[in-house]
Structure formats: C-alpha cells, structure tokens
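Participant: I would like the atomic coordinates for the input below:
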Amino acid sequence: MNNSSKVAYPKRRVFIIDELALILAFFTALVIRYRSNVVNWKQFYDGLYISFLVVLFLLQIIIFLLYDLRKKSMYLMDPVENFFTVAKGKILLIALGLLYLYSVQRGTESSRFVVAAIPLIDIVYDFIFRMLLKKQYFAKATTEEKCRTYHVFRPYPSVEDITSAFAKGDYDELLIHDADSDNEEAAEQIIAAAEAAGIRAYVNMNTLGYSVRSGIATDIDDYAAIPVSVRKEKFNLFGIEYSIARCEEAVLHVMRHVKELSGEYICFSNVHTCVMGKDDPEYRQVLNDAAFVFPDGAPIAKLQQRKGYIGAERVAGPDFMEHIFRDSCDGKITHYFYGASENTIEELKKSLAEKYPGMVVKGYYSPPFKPLTKEEDEEDVRRINESGADIVWIGLGAPKQEKWMKAHRGRVNGVMMGVGAGFDFHAGTIKRAPVFIRKIGLEWLYRLFQDPKRLIGRYFVTNLKFICYLTIDRIFHRG
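Facilitator: Sure, this is the predicted structure:
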C-alpha cells in the first residue's frame, strides 16, 4: 500500500525556500535593471519597490496555503511536475502583484522589466532550491528506497541462483511474487533459503489472482483493501460514455470476468478518438457499444476528476497491457495478438518471452494492409477462435480497430481490446515517454517529437477541436 501521502514531509522548509527565492529574485531583478546604480537607492526608490516586495511576500503566503499545500507534496513530485507547479504558482503571484500595482495606481512608476523579471527569475531560483532541498532530505532519510530488489516470478529460479546473486552483492532485498497456494511449497523453499542466508525477503500481496501494487490499496475502516470492479456509472463527454476506474481495478475487473466478456470488446479512447466520436455519430456509437470505454487521454481523466469522481485516472492501453501481462504469467489467462506490422510482431514475440516468461500466447498475426475479402476475414476469425485465447489484442490503429471489433462482436471468442500503438510500445519499436512525462499529461508531445510529420497535423487539429468543443459545452452547461 502506498502510504507516502501520509508522510509528514517538512512543509515549513518549502515555505521558507519559496520566500527566500522570491526575495533573491526581487533583488536580482533590480541588479540586472540598474546594474551599478543599484547602490544609489534614491535615484529610483521612493518606497514603491519595498512595498511591492512586502505585498508579494504576503501574497506568496496565501498562495502557499491555498495552492501549494493542496497539491501533492513536492517531495513526491518528479522534476517536471515540480517545475510546472512552481511556474503556475508564480504566474498567479505576479498576476496578483500587478493587480496590486493597478489598485494603488503606481504601476507606471515601477520598471516594467523588474516587474516582468521577478516571476521568471523566481521560478528558476525556487525550482533549484526545491530540487536541492528534496535531494538533501532524501539523502538524510532512510536508504530503504535505494535498496536493490531481486524480483522472482513464476516459474521461480533455483535457490542456488538466488543465493548466488546475493552473494555477489548485486541485491539488497528479495521480493517473491505470486506465493499463493499453487506455489506455496516453492515459495517456502526460497523463503527458508533467504532466512538461512540472512537475506531480507518479502512476499507481495496477492488476491483474486491479482498482484497488488502500490497506489491501489486503500485504508477502509483501518483495513487495507483494493477495489475489485469497475463502477457502473459513466462520465459523458461529447456523447461518449467513459468508464471511471484506475488502471489496476480495470485490469482486475477484466481478469475476473474474462469469460463473461468473451465476444465483447473494450476501447481505450484518447483526445484524438474523442474528437472523432464527437464529429462522427457512427463512430461514437461504435465506442458506446463497447463493454467499456476507458479514458486513454490525461485531459479526459482530469475532467472526470474535476467532476468529483473518486479514483478516476487515465487508463492507458499500454499500461493496461503491462498489468495484465504480469498478472497472467501463471498461464490461467491466454493471449492472441492481431495487428501491427510483421517486424513489430517479431519484436513483440521476443520482448514478451523475455519479460513475461510464464505468459501464454496462443498466436500472433499481422494482417495485410488492405481491405480483406470475406474469405480472408473468415479465415482470420477461424484462426483466432481455434487458438482458444481469452484476450485478443487488436492493434490496427484508430478508428479501424474499433470498427473491426464492433463488426466482429460475438464472432470472435475472447474479449477484444483495441490498443493501437500498444503493440509497438511493448515490442520496443516505438519508445514510450518516461513516466514523469506521462504523469503531467504530455505523452502526446513526446510522441509528436518522435514522428512530427505524421502527428503534427493530427495533434494540432484534434487538440484545438477538443478545446473548442469543451469550451462550447461549458458555455451551454452540457456534459
């Protein structure tokens, strides 16, 4: 369970460095503007700048209390998250500062450069100070998070291999996965060997066939618990009915109901497909006919959160795939991959075999990039159904894959999931954005830099449309 949000991080230190950064930025701006004349206070100072600094100082206190303290602790943020948090706070600070100058009608007496430079310099100083404070704090804190962990999954390696790895000094702790009743004897042997060798060993939490990860466990009346199903309520955006869930509970729900979902399909809709659904009623109906439409776009998930839905998060197709791959290494849930290029399929085979050795894949197939004849389509369906796979991953790209799944609803045995570029991400043919970039909702920008010629038109048009449609909906109080 992730209890990091409950840690009493030193907030006072953050407040002090925020104010210190503001003061240093203020005087730095004066030095840059007046250079050697900065010592001649009377030439440019009649009390305005000091009064302005005092007001900014007080406004910084208000912003810290009403904005910073309501955000996730800066000690838990990635550097990019920290930077954007600081920048937003400083923009608000200078906006209120300008309002003060306007209200006292002394704005024309101050240097425009100084007023403009203060927030920019303040952002730099504050960000640097925060990073240094964070580094210092964790350097003094427990080294628990710096431990090198040896993960063992089914089928477990030999006890000799494990003890040898620790004897070489490669690891500090052992984490045993899936030590349930089916593997209790093998897990006990590893635990006994770890105890004899003095190795610090852990067993992960496992329930309903799901390996519990940090972030999903929640305290319910002093008990650690996890959500086990996707709620029935939906979030309507542009007529598309989005399901509300965290990635882990969506995965657990599908795993528990994989047989019942056989013949159905699941969609992962981002801003691009959301706009397509808004523009095309037929495609919108294709999305709404799915068993679930999960928000694959950070802006959609944030809209759910702003509506007050607890536990609403982005459920990205590649993340969903990773969780299910890990939790199906016992072979109880089987897979089939339909789509992508032959090169991607070959790389995907290698990647899955290396990362998820116990995962059972019943087949791979890269269909030709042309409209299929009726006979070819029937042959594809026959091939998939004869494999007996529980999950059929579809990687044809939007909107083709969603329309394909709708057309084959009830014909394909197994639950179909349209994951688009998920094939490429897990094959390694396309590099995915780092986690911290995904957290701040800029994965689309990362992909844009990778393939600007293909994506710049799509992102520019669809993102602009999304903002316009959202603005219109808000004006008319819809959705």
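Participant: how far away is the closest residue to Leu448 other than its chain neighbours from Leu348?
Facilitator: Sequence neighbours aside, Leu455 is the residue nearest to Leu448 in space, at 5.0 Å (criterion: C-beta to C-beta, 6 or more residues apart in numbering). All C-beta atoms are positioned from the backbone trio N, CA, C, and that covers glycine. Distance, Leu455 to Leu348, by C-beta to C-beta, to the nearest Å: 22 Å.
Participant: Can you give me the neighbour number for the residue nearest to Leu448?
Facilitator: Leu455 is flanked by 16 other residues according to other C-beta atoms under 10 Å.
Participant: Would you confirm that it contacts Arg447?
Facilitator: Yes. At 6.2 Å, Leu455 counts as touching Arg447 under the criterion of C-beta atoms under 8 Å.
Participant: hey, where'd the helices end up in the stretch 51-200 of the chain?
Facilitator: In the stretch 51-200 of the chain, the segments counted as helices under DSSP state H, counting those that start in this stretch are 79-103, 112-140, 159-167, 184-197.
Participant: how about those helices, which one is nearest Phe268?
Facilitator: helix 79-103 (23.7 Å; C-beta to C-beta).
Participant: Show me what that closest one packs onto, helices and strands only.
Facilitator: helix 48-66, helix 112-140, helix 435-439 (3 or more C-beta pairs under 8 Å, 6 or more residues apart in numbering; DSSP states H and E).
Participant: Format those as JSON lines; extra columns: mean neighbour count, mean pLDDT and distance to Ile17.
Facilitator: Conversion of the helices and strands packed on helix 79-103 to JSON lines gives the following (neighbours: other C-beta atoms under 10 Å; pLDDT from 0 to 100; distance: least, C-beta to C-beta, whole Å):
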{"stretch": "helix 48-66", "mean neighbour count": "16", "mean pLDDT": "80", "distance to Ile17": "11"}
{"stretch": "helix 112-140", "mean neighbour count": "17", "mean pLDDT": "83", "distance to Ile17": "4"}
{"stretch": "helix 435-439", "mean neighbour count": "15", "mean pLDDT": "73", "distance to Ile17": "21"}
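Participant: Now distance to Asp296 too, for those helices, in a markdown table please.
Facilitator: Shown next, in a markdown table, are these (distance: least, C-beta to C-beta, whole Å):
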| stretch | distance to Asp296 |
| --- | --- |
| helix 48-66 | 32 |
| helix 112-140 | 30 |
| helix 435-439 | 11 |
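Participant: looking at the ones you listed, which is closest to Gly263?
Facilitator: Comparison of the helices and strands packed on helix 79-103 against Gly263 by C-beta to C-beta identifies helix 435-439 as nearest, at 31.9 Å.
Participant: residue ranges with poor pLDDT in the stretch 301-450 of the chain?
Facilitator: 436, 440 (pLDDT under 70).
Participant: For Asp78, grab phi and psi.
Facilitator: With angles defined as degrees, to the nearest 10, Asp78 sits at phi -70, psi 160.
Participant: how far away is it from Ile91?
Facilitator: 20 Å.
Participant: For those two, indicate the residue with more neighbours.
Facilitator: Taking neighbours as other C-beta under 10 Å, Asp78 and Ile91 compare with Asp78 leading, 15 against 12.
Participant: And the helices in the stretch 251-400 of the chain?
Facilitator: 271-279, 281-288, 298-306, 317-327, 342-355, 374-387, 400-407.
Participant: do you know which of the helices and strands packed on helix 79-103 lies nearest Lys234?
Facilitator: Closest among those, using C-beta to C-beta: helix 435-439, at 24.3 Å.
Participant: Check what contacts that closest one and list those residues.
Facilitator: 78-81, 298, 316, 432, 443, 445-446 (C-beta atoms under 8 Å, 6 or more residues apart in numbering).
Participant: What is the nearest of these to Asp126?
Facilitator: Nearest to Asp126 among the contacts of helix 435-439, with distances taken as C-beta to C-beta, is Pro79, at 12.9 Å.
Participant: isn't that closest one right up against Leu132?
Facilitator: No. If you go by C-beta under 8 Å, Pro79 and Leu132 don't touch, sitting 11.9 Å apart.
Participant: So which of the helices and strands packed on helix 79-103 is nearest Ala389?
Facilitator: Of the helices and strands packed on helix 79-103, nearest to Ala389 by C-beta to C-beta is helix 435-439, at 28.5 Å.
Participant: ok, how many other residues are close to the closest residue to Arg231 other than its chain neighbours?
Facilitator: Closest residue to Arg231 apart from its sequence neighbours, by C-beta to C-beta, 6+ apart: Ile244 at 5.8 Å. Using other C-beta under 10 Å, Ile244 has 24 other residues around it.
Participant: How about the contacts made by Ile244?
Facilitator: 230-231, 233-235, 304, 309, 311-312.
Participant: again, but for Arg314
Facilitator: With C-beta under 8 Å, 6+ apart, Arg314 has these contacts: 247, 295-298, 300-301.
Participant: out of those residues, which one sits closest to Met359?
Facilitator: Cys247 (18.3 Å).
Participant: before we move on, the earlier item: can you tell me which helix or strand the residue nearest to Leu448 belongs to?
Facilitator: helix 452-475 (DSSP states H and E).
Participant: quick one, phi psi at Leu237?
Facilitator: phi -130, psi 110.
Participant: I figured it hits Cys274, correct?
Facilitator: Yes. Leu237 lies in contact with Cys274 (C-beta under 8 Å); the separation is 6.4 Å.
Participant: Quickly list what's touching both of these two.
Facilitator: Ile300.
Participant: Looking at these two now, which is surrounded by more residues?
Facilitator: Cys274 (28 against 25).
Participant: ok, that one - contacts?
Facilitator: 237-238, 240, 297, 300, 466.
Participant: and the end-to-end length of stretch 406-424?
Facilitator: Counting by C-alpha to C-alpha, to the nearest Å, you get 23 Å between the two ends of stretch 406-424.
Participant: actually stretch 309-326, not the one I typed
Facilitator: 28 Å.
Participant: Buried ones in it, by neighbour count?
Facilitator: Under the neighbour-count criterion of 16 or more other C-beta atoms under 10 Å, stretch 309-326 has 309, 312-326 buried.
Participant: Only C-alpha atoms, please: export stretch 376-394 in CSV.
Facilitator: In CSV, the C-alpha atoms belonging to stretch 376-394 read as follows (Å, rounded to 0.1, in the frame of the first residue of the first chain):
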residue,chain,number,x,y,z
GLU,A,376,-9.8,-13.8,-45.7
ASP,A,377,-11.8,-12.3,-42.8
GLU,A,378,-13.4,-15.6,-42.0
GLU,A,379,-10.0,-17.3,-42.0
ASP,A,380,-8.7,-14.7,-39.5
VAL,A,381,-11.7,-15.3,-37.2
ARG,A,382,-11.3,-19.1,-37.5
ARG,A,383,-7.6,-18.8,-36.7
ILE,A,384,-8.3,-16.7,-33.6
ASN,A,385,-11.1,-18.8,-32.3
GLU,A,386,-9.2,-22.1,-32.8
SER,A,387,-6.4,-20.7,-30.7
GLY,A,388,-8.7,-20.6,-27.7
ALA,A,389,-7.2,-17.3,-26.4
ASP,A,390,-9.1,-15.5,-23.6
ILE,A,391,-7.9,-12.0,-24.7
VAL,A,392,-7.5,-10.9,-28.3
TRP,A,393,-5.3,-7.7,-28.6
ILE,A,394,-6.2,-5.6,-31.6
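Participant: Now do the buried residues in that stretch.
Facilitator: Buried-residue list, stretch 376-394, by 16+ other C-beta under 10 Å: 377, 380, 384, 387, 389-394.
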